[in-house]
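[1] Would you be able to build a 3D model of this:
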Amino acid sequence: MLINREVILVKTETTYNTDPIPTGAADAVLVETPSWAMEGARMNERPVVRASLGKVQQVYGGSLRAISFNCELKGSGTVGTPPELSALLRACGFGETIVASTSVTYTPVSTGIESATIYYYQDGRLTTLTGCRGTVSFSFEAGGLGKAAFNFIGHSATPTDVTITTGTYDAVVPVAFKNISFSIDSFAAVIGTFSFDMGITLATPPNPSSVDSYGDVQITMRDVTGSIDPEDELVATEAFEANYRNGTRMALATGSVGSTAGNIYAISMPAVYYRDIAQGDRDGIRINNLNFAAAESTTDDEVSIAFT
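    Numbering: from 1, shown residues only. From the prediction side, this is the model:
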């Protein structure tokens, strides 16, 4: 089996843990480095005593499955049409707001969190995961491509041998993280990297009535955190340490990444505050390594990802 002959399909479920049957023509997602592993496998030991010192066979009691992969951050190519990442973001606790011919925006939600079915084709084998919910983190580097790293947990049966499907992908080419107006605290910070993690907590409660002995995979908490590494400044220019000590809440915004309609995204956070500060060196230039948390300004608004 060839590693590079693999396809991922993702489709939002209308009923939790019910396969909506994604297709290669409509639901293919371009991914990097996919992999799966068993999650919470229950292998029951049997500590019986016998004349022999050997162990008796353990009994399988059910398992979930985890799948992870990275995706490029890019638009659909059409303003107001969701990107390929839509179903993935929604299964990671984001709500989707579509304004026709204008924008598609993703912000966190605390109720009505959706789930997804994921088909993972590996050359001639298909692994199906249903009832998937997951975690996501984002990373950006000056001149590089914005990436989203996803980790999902779902219910899964034994893989089957099938003919690999042909995925149909958005023809959009991602844009580099450059020529932007990044700001924090209304200050145009010169950064090399920017990253944040939605800090999602997943619960996998037991349920003996299910075939895998697990109930619904649930998102129970989030704690949005991240980091930036701006060039250091005089206190009169930007008081990084004073903002840290004072717990100052500040707006963070990337500005528009990209310039072609249908392939522009922007990330904003209305109320970040620093959790840690340390000095660093970038090519002989003093920088600050700043860890931050994104608080809510009102409700469910720690972060916004807008595609236009």
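[2] Would you confirm that residue 229 contacts residue 286?
    No: here residue 229 lies out of contact with residue 286, judged by Cβ atoms under 8 Å, at a distance of 10.9 Å. Quick note: C-beta positions are derived from backbone N, CA and C, even for glycine.
[3] all helices for the stretch 201-308 of the chain, in order.
    Assigned by DSSP state H, counting those that start in this stretch, the stretch 201-308 of the chain shows helices spanning 240-246.
[4] neighbour count winner among residue 229 and residue 286?
    residue 229 (18 against 11; other Cβ atoms under 10 Å).
[5] Report the contact partners of the more buried one.
    191, 192, 193, 280, 282, 287, 288, 289, 290 (Cβ atoms under 8 Å, 6 or more residues apart in numbering).
[6] Kindly check the end-to-end length of stretch 150-166 for me.
    Its first and final residues considered, stretch 150-166 spans 22 Å by Cα to Cα, to the nearest Å.
[7] Tell me how far it lies from the chain's centre.
    For stretch 150-166, the distance from its own C-alpha centre to the chain's C-alpha centre is 19 Å (Cα atoms, centre = their mean, to the nearest Å).
[8] so is the residue nearest in space to the middle of the chain in a helix, a strand, or just coil?
    In the chain, the centroid-proximal residue (Cα atoms, centre = their mean) is residue 136; its distance is 2.0 Å. On the three-state scheme (DSSP: H, G, I helix; E, B strand; the rest coil), residue 136 is labelled strand.
[9] so it touches residue 90, yeah?
    No: in this structure, residue 136 is not within contact of residue 90 by Cβ under 8 Å, at 10.8 Å.
[10] so what's residue 231 up against?
    Taking Cβ under 8 Å, 6+ apart as the criterion, residue 231 is in contact with 189, 190, 191, 282, 285, 286, 287, 288.
[11] let's see 10 Å
    The contact partners of residue 231, by Cβ atoms under 10 Å, 6 or more residues apart in numbering, come to 189, 190, 191, 192, 238, 282, 285, 286, 287, 288.
[12] just checking, residue 209 touches residue 62?
    No: taking contacts as Cβ atoms under 10 Å, residue 209 lies outside contact range of residue 62: 11.4 Å.
[13] Could you check which of those two is surrounded by more residues?
    residue 62 (17 against 6).
[14] What is the burial count for the nearest residue to residue 163 once chain neighbours are set aside?
    Closest residue to residue 163 apart from its sequence neighbours, by Cβ to Cβ, 6 or more residues apart in numbering: residue 124 at 7.0 Å. Residue 124 has 13 neighbouring residues, counting by other Cβ under 10 Å.
[15] ok, now the one 4 residues further on?
    Other residues near residue 128 come to 21 when the count uses other Cβ under 10 Å.
[16] Can you name the residues that contact it?
    Going by Cβ under 10 Å, 6+ apart, residue 128 touches 9, 19, 21-22, 65, 117-121, 154-160.
[17] For it, identify the helix or strand it belongs to.
    Per DSSP states H and E, residue 128 falls inside strand 125-141.
[18] State the mean pLDDT of the following helix or strand past that strand.
    Per DSSP H and E, the first helix or strand lying C-terminal to strand 125-141 is strand 147-156. On average, the pLDDT along strand 147-156 is 98.
[19] Residues touching the helix or strand that comes right after strand 147-156, excluding its own?
    Counting by DSSP H and E, the next helix or strand C-terminal to strand 147-156 is strand 160-161. Outside strand 160-161, the residues within contact range by Cβ under 10 Å, 6+ apart are 123, 124, 125, 126, 127, 128.
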